[in-house]
Every structure is written in structure tokens, then in C-alpha cells.
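S.K.: Next comes the sequence, and after it the predicted model I'd like to discuss.
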Amino acid sequence: MAVFIYQVVSLLCTCYILMLMIRVVGSWFVSFRNSRFMIFIAQYTDPYLNIFRKIIPPIGGVLDLSPLLGFFVLRLIENFLLMLLS
């Protein structure tokens, strides 16, 4: 049972990291930014990233470093949870 939970936690974190990566790369393309797919991704990633945007606001209104902190914290949480499960 613990192995199953370990795999589920790992899979969920990996999927969310992929969503964050799609959000970051998708924000670089203006035509892709307003697509239904990107709106869906933003709906699930922006609440998490907004936590870090309060800590590190976008530089010059353009350069958003919050995903870097978001990736780092998510990996820390994942490693902590996986350590508890192992």
C-alpha cells in the first residue's frame, strides 16, 4: 500500500511540474497565451504561483521568477512526502 501511495504522490508532483512548465513556456507565445488549453493550465497553476508572486513580484512587470521558486518548493515538498512514505 505504501508503494502505491509513493507512486501516486510522485506521479501527481510530476504532472503538476509539467503543468507549470507548460504555463511558463506557453506564456512566451502571445497567440498561445489566450487559448482554451492555456486558460485551463493557468486556472490550476496560477493560484500556486501567486503565492510566490507575493514574495518575488515580476521584475519590470515582465520577468516573472515565481515559477523558479515554485518548482523548488514543489520538489522540496515532494521529497519530504516521499521520505515520509519510504
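M.R.: In hand now; what should we look at? Numbers count the residues shown, from 1 in each chain.

S.K.: Residue 45: neighbour count?
M.R.: Residue neighbour count, defined by other C-beta atoms under 10 Å, stands at 19 for residue 45. Glycine gets a C-beta too; all of them are placed from N, C-alpha and C.

S.K.: Model confidence at it, what's the number?
M.R.: Looking at residue 45, its pLDDT is 95.

S.K.: which residue is nearest the centroid of the chain?
M.R.: Nearest to the mean C-alpha position of the chain, by C-alpha atoms, centre = their mean, lies residue 20 at 3.6 Å.

S.K.: Contact partners for that residue?
M.R.: 45, 48, 49, 67, 70, 71, 74 (C-beta atoms under 8 Å, 6 or more residues apart in numbering).

S.K.: Out of those residues, flag the one nearest to residue 10.
M.R.: residue 74 (12.0 Å; C-beta to C-beta).

S.K.: Now that closest one: which helix or strand?
M.R.: Using DSSP states H and E, residue 74 sits in helix 66-85.

S.K.: Please compute how far the longest helix seen in the chain lies from its chain's middle.
M.R.: Across the chain, the longest stretch assigned as helix under DSSP state H is helix 2-26. Distance of helix 2-26 from its chain centroid, counting by C-alpha atoms, centre = their mean, to the nearest Å, is 9 Å.

S.K.: For burial, what's the neighbour tally of residue 73?
M.R.: Residues near residue 73, counting by other C-beta under 10 Å: 13.

S.K.: circling back to that earlier point, residues making contact with the helix holding residue 74?
M.R.: 2, 5-6, 9-10, 13, 16-17, 20, 23-24, 48-53, 55-56, 58.
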